[in-house]
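>>> Model the structure of this input:
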Amino acid sequence: MPEITVSMAAGRTEEKIGMIRDITQALAKNLDADAVVIQINKRR
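Numbers count the residues shown, from 1 in each chain. From the prediction side, this is the model:
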């Protein structure tokens, strides 16, 4: 199961949703999308 960790500033919810969608779609080309885990570490 691929795990992706992203660190970025707090807020910007719409951008995060789009980023998660794009990362999942990119990985799903070669892997099962249900196995993708994306963790966002929010910085202040």
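
>>> hey, what's residue 3 bridged with?
Going by DSSP bridges, residue 3 is paired in beta bridges with residue 37.

>>> hang on, it packs against residue 39?
Yes - using Cβ atoms under 8 Å, residue 3 is in contact with residue 39, at 6.9 Å. Quick note: C-beta positions are derived from backbone N, CA and C, even for glycine.

>>> And the helices in this protein?
Taking DSSP state H to define them, one finds helices in the chain at 13-28.

>>> pLDDT below threshold where in the protein?
Counting by pLDDT under 70, not a single residue of the chain qualifies.

>>> Centroid-nearest residue for it?
Per Cα atoms, centre = their mean, the C-alpha nearest to the average position across the chain is that of residue 20, at 3.4 Å.

>>> so who does it touch?
Residue 20 makes contact with 38, 40, according to Cβ atoms under 8 Å, 6 or more residues apart in numbering.

>>> now with 6 Å?
Going by Cβ atoms under 6 Å, 6 or more residues apart in numbering, residue 20 touches residue 38.

>>> distance between stretch 27-35 and the chain's centre?
With Cα atoms, centre = their mean, to the nearest Å as the basis, stretch 27-35 stands 12 Å off its chain's centre.

>>> May I have the distance across that stretch, first residue to last?
Stretch 27-35 has an end-to-end distance of 10 Å (criterion: Cα to Cα, to the nearest Å).

>>> For that stretch, buried residues please.
For stretch 27-35, a neighbour-count test (16 or more other Cβ atoms under 10 Å) marks residue 27 as buried.

>>> likewise stretch 7-17?
Here stretch 7-17 shows residue 16 as buried, counting by 16+ other Cβ under 10 Å.

>>> For residue 43, see how far away the closest residue to residue 40 other than its chain neighbours is.
Sequence neighbours aside, residue 6 is the residue nearest to residue 40 in space, at 5.1 Å (criterion: Cβ to Cβ, 6 or more residues apart in numbering). Residue 6 sits 11 Å away from residue 43, going by Cβ to Cβ, to the nearest Å.
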